Structures are given as structure tokens and as C-alpha cells.
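# can you look at this prediction? I've put the sequence above it.
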Amino acid sequence: MGLRQYRQEMELVPKQETVLGERRVLIVEDDQSLRPLWEKVLQNKDVPIKVDWATTLDEAERLIRFRYRNGAPYHLVVADIFLDGPGSGIDLWNRYGEESMEFVFVSGLPISKFELLMSLNYGSPLYFKKPLNYMKCSEIADMAIGWGT
């Protein structure tokens with residue numbers, strides 16, 4: 001049994017919308033040049049997807065709390081490690097990683113440095129090294145949300 005299924009069975013998170021319903025994705029990234037890439041990838045999936053974008057830890061926290069309070073947490077949170085302003089994607093994971101269905105990091109850090117950073121934290125989400133391209137972003141969406149291509 002996966003962590004997601006366990007949390008749902010234990011009623012630790014609200015039940016999610018069905019596969020046919022709208023999906024919610026939060027991209028937490030301060031590099032705005034990646035926005036068109038992510039939007040293109042997510043628009044080409046077989047289910048309707050609403051994408052929210054945050055560039056700072058504060059913005060991301062506000063959006064996550066809002067979605068969770070309304071009983072519809074994000075299906076996927078994709079976060080860079082280094083963000084504009086104070087705080088990081090790792091701070092976001094430590095505070096809200098359990099309140100999204102899936103959490104993925106993307107960063108330019110070598111995997112060994114990412115693993116070292118995460119060794120001090122509980123659990124570890126998926127990690128993809130930048131630079132990103134269409135195929136890599138599509139793989140992230142497919143793996144994290146469980147869609148087939």
C-alpha cells in the first residue's frame with residue numbers, strides 16, 4: 001500500500017476528485033521562462049488541469065492552505081529548491097509535502113547534493129535535474145499523477 005492510499009484510508013486527507021474531474025497542479029518556480037513549457041505539457045494530458053504558479057515560498061503556502069481548506073488539495077506540487085525571497089522548496093516540502101497528493105522537486109543541483117539536503121528531512125519526494133524539456137516535464141506529470149501518455 002502506498003503512502004497516498006494509506007493516508008486516504010486513514011482519512012488523513014480529503015478524498016480526491018475522480019480521474020474524470022479537474023486536476024489541480026501547483027508549480028513553484030521563480031524562473032518564469034519555464035511557465036509556457038509546463039502549461040503546454042499539462043494542457044496535453046487527457047484530463048482537464050488547472051495550473052497555479054507561485055514564485056515564492058509565501059505565495060505557495062497561501063495557495064496550498066487555500067486549496068486544502070476548501071477540501072481539494074493539489075494533485076501535484078512541482079517545486080524548485082531555490083526560490084525568490086526567503087525560504088526554499090525544501091521548506092515547502094517540510095511544511096506541506098503531506099498535503100498534496102504528490103510532490104516533485106526540480107533543480108539544477110546534482111543528485112548527490114539533493115540527497116544530502118534531503119537526508120536531514122523526513123522522506124524524500126521525486127527529484128528531476130534541470131535543464132527541463134518537454135519530455136522530462138511530461139514524465140514528471142505522468143509519474144506523479146499516474147496518467148498514461
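Structure's in. What do you need? Residues are numbered from 1 along each chain as shown.

# how about the helices in this protein?
Under the criterion DSSP state H, the chain contains helices at 3-9, 35-43, 57-69, 89-96, 111-118, 134-145.

# who's in contact with residue 57?
Taking CB atoms under 8 Å, 6 or more residues apart in numbering, we find residue 57 in contact with 28, 83, 85-89, 91-92. All C-beta spots, glycine's among them, are computed from the backbone N, C-alpha and C.

# how does it look with 10 Å?
Applying CB atoms under 10 Å, 6 or more residues apart in numbering, we find residue 57 in contact with 28, 79, 83-92, 95.

# and the two most separated of these?
84 and 95 (17.4 Å; CB to CB).

# dump the contacts of residue 57 into TSV; add distance to residue 70, neighbour count and pLDDT as well.
Formatted as TSV, the contacts of residue 57 follow (distance: CB to CB, whole Å; neighbours: other CB atoms under 10 Å; pLDDT from 0 to 100):
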residue	distance to residue 70	neighbour count	pLDDT
28	19	28	96
79	21	27	94
83	24	24	94
84	26	15	91
85	25	11	91
86	26	9	92
87	23	16	91
88	26	18	92
89	23	26	92
90	26	22	89
91	23	17	91
92	19	26	92
95	18	15	86
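
# next, format those residues as JSON lines and append distance to residue 40.
Formatted as JSON lines, those follow (distance: CB to CB, whole Å):
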{"residue": "28", "distance to residue 40": "18"}
{"residue": "79", "distance to residue 40": "19"}
{"residue": "83", "distance to residue 40": "22"}
{"residue": "84", "distance to residue 40": "23"}
{"residue": "85", "distance to residue 40": "27"}
{"residue": "86", "distance to residue 40": "31"}
{"residue": "87", "distance to residue 40": "28"}
{"residue": "88", "distance to residue 40": "26"}
{"residue": "89", "distance to residue 40": "22"}
{"residue": "90", "distance to residue 40": "27"}
{"residue": "91", "distance to residue 40": "29"}
{"residue": "92", "distance to residue 40": "24"}
{"residue": "95", "distance to residue 40": "30"}
